[in-house]
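**Q** Pasted the sequence and its predicted model underneath.
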Amino acid sequence: MNTTRFILAILLSCLLCLGIAGCGGETASDEVARGTTVEVPTQATPSTGAAPEGSTTQGASSYESLFRGNLARTGEYSGPGPTGSPEVAWQFKIDGEQPKTPTVSDGMVYFGGGGKLWAVDADGGYQKWTFQAEGTVASCPAVAGGMVYFGSFDGSLYALDAANGQEKWKFETGDFVVSSPAVANGVVYFGSLDGSVYALDAESGEQQWSFQTGAEILPSPAISDGIVYIGGYDGYLRALDAETGDERWNFKTDGTIWYTPAVSDGTVYFSNQLGPQCWLFSLDAKRGTTNWYFIEENARFSAPTVVNGMVYFASQDYCLYALDTMNGEEQWRFTSERFVESPNGHYSSPAASDGVVYFGSGDGYFYGISATDGQEDWSLKVGDGVSSSPAVVDGKVYFGSRDRLLYALE
């Protein structure tokens with residue numbers, strides 16, 4: 001792999017962990033786009049094929065051992081999260097790079113950092129095991145059926161025994177795997193920088209199908225009602241049949257899709273970057289047609305969190321937004337005088353649980369914000385900027401920081 005592609009992968013792995021966005025913005029419908037100079041299609045390009053019979057949407061409560069809390073990647077956790085004024089329950093330091101976004105399952109916290117996957121006790125914060133991959137581990141692991149799955153810069157998707165970290169199998173792609181895998185109905189789905197979306201048998205690692213997009217795939221797949229939704233560097237959001245890999249439809253933007261989409265109530269939400277402009281789209285999940293979009297100049301939006309009729313996303317210049325899912329109208333924004341410039345100046349993508357939105361900031365604070373009105377419930381200073389996305393499980397919230405510590409607050 002050449003130097004340019006290696007630098008791109010480093011940048012993109014950081015972007016996937018951070019979830020970046022901008023303050024201020026406009027909402028546009030199909031009919032009127034206020035303040036925009038970019039022509040956006042209102043209908044996707046359809047593909048042939050029908051949804052599999054009997055397909056269902058899996059809820060957050062069944063699939064919290066995944067990036068963004070569930071298969072649909074809504075960022076919602078059943079929790080509960082910390083209450084009152086949380087304190088640090090424990091912190092765990094790793095060598096080299098900062099801890100990436102964690103996954104919590106059966107009393108264990110799994111996360112990447114440097115070239116390793118780490119497993120740490122969720123209550124006590126002590127190491128259970130580590131696994132040395134052959135490249136940087138930037139993707140958030142998925143845990144299912146006693147196995148933990150994750151990608152690496154060595155181009156492989158690994159499957160380990162979740163209890164002891166022993167390798168069960170690995171599948172080699174043609175380039176870095178930054179995408180965080182999703183596991184549904186015995187199949188593992190993920191993307192690669194080689195331009196393909198893959199579906200593998202979760203038990204054996206045998207390839208079920210692949211779909212070649214022709215462009216690097218950085219985001220993670222979201223799955224709902226038998227459809228895999230995934231974006232790419234070419235600016236396309238694609239809807240693929242989960243059983244066959246056939247393309248149901250695609251939606252073309254003029255920019256780049258850096259982050260993972262979220263699917264809720266028949267709608268798919270995702271952000272798109274075009275130069276200094278950033279867009280948040282709401283599409284009909286079955287047809288790929290535009291419901292509305294929200295635009296801001298000089299911004300970069302994080303992955304969206306969707307819960308209770310609101311969509312939340314964080315911002316590069318230190319705002320947390322809440323929009324109405326029906327029309328994209330801004331309901332509130334949160335900012336703080338403590339927000340200062342930092343080496344990256346980025347937020348993590350938010351998580352939501354029990355009426356609280358959780359996120360970290362480049363100012364070194366971690367926040368709990370009221371999901372209803374955007375008021376600060378609490379905040380806690382940690383050692384450096386927070387760039388991983390949080391996981392909220394069993395009264396604790398877990399996240400990584402640039403001080404190379406994984407934190408558990410309660």
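**A** It's in. Residues are numbered from 1 along each chain as shown.
**Q** going forward, measure contacts and count neighbours with C-alpha atoms only.
**A** Will do.
**Q** Confirm that Val104 sits in a helix.
**A** No. Secondary structure of Val104, determined by DSSP: H, G, I helix; E, B strand; the rest coil: strand, with no helix assignment.
**Q** Contact partners for it?
**A** 64-65, 110, 122, 391, 393 (C-alpha atoms under 8 Å, 6 or more residues apart in numbering).
**Q** In CSV: these, plus distance to Gly155 and secondary structure.
**A** CSV is the format used below for the contacts of Val104 (distance: C-alpha to C-alpha, whole Å; DSSP: H, G, I helix; E, B strand; the rest coil):
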residue, distance to Gly155, secondary structure
Glu64, 26, coil
Ser65, 23, coil
Tyr110, 20, strand
Ala122, 29, coil
Ala391, 26, strand
Val393, 30, strand
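**Q** low-confidence ranges in this protein?
**A** Within the chain, the stretches with pLDDT under 70 are 1-64, 317, 336-347.
**Q** can you tell me which helix or strand the closest residue to Gly395 other than its chain neighbours belongs to?
**A** If you skip the residues right next to it in sequence, Gly395 has Gly81 as its closest partner in space, 4.4 Å away by C-alpha to C-alpha, 6 or more residues apart in numbering. Using DSSP states H and E, Gly81 is not contained in any helix or strand.
**Q** tell me the contacts of Gly81?
**A** Here Gly81 is in contact with 353-354, 392-397, 410 (criterion: C-alpha under 8 Å, 6+ apart).
**Q** Filter those down to just the buried residues.
**A** Among these, those that count as buried by neighbour count (16 or more other C-alpha atoms under 10 Å) are 353, 392-394, 396-397, 410.
**Q** which one of these sits closest to Ser192?
**A** Val392 (27.4 Å; C-alpha to C-alpha).
**Q** Residues in a beta bridge with the closest one, which ones?
**A** Beta-bridge partners recorded for Val392 (DSSP bridges): Val397.
**Q** For Ala371, what are phi and psi?
**A** phi -70, psi -20 (degrees, to the nearest 10).
**Q** Looks like it contacts Phe359 (just checking).
**A** No. With contact defined as C-alpha atoms under 8 Å, Ala371 does not reach Phe359; the gap is 11.8 Å.
**Q** of the two, who's got more company?
**A** Set Ala371 next to Phe359 and count neighbours by other C-alpha atoms under 10 Å: Phe359 wins out with 29 against 23.
**Q** Could you verify that that one is part of a strand?
**A** Yes. Using three-state DSSP, the assignment for Phe359 is a strand.
**Q** Now for it: which residues touch it?
**A** Shown in contact with Phe359 (C-alpha under 8 Å, 6+ apart): 347-351, 366-368, 389-390.
**Q** Turn those residues into TSV, columns for secondary structure, distance to Ser179 and neighbour count.
**A** Shown next, in TSV, are the contacts of Phe359 (DSSP: H, G, I helix; E, B strand; the rest coil; distance: C-alpha to C-alpha, whole Å; neighbours: other C-alpha atoms under 10 Å):
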residue	secondary structure	distance to Ser179	neighbour count
Tyr347	coil	19	34
Ser348	coil	16	33
Ser349	coil	15	33
Pro350	coil	18	30
Ala351	strand	18	28
Phe366	strand	25	24
Tyr367	strand	26	19
Gly368	strand	27	26
Ser389	coil	14	30
Pro390	coil	17	31
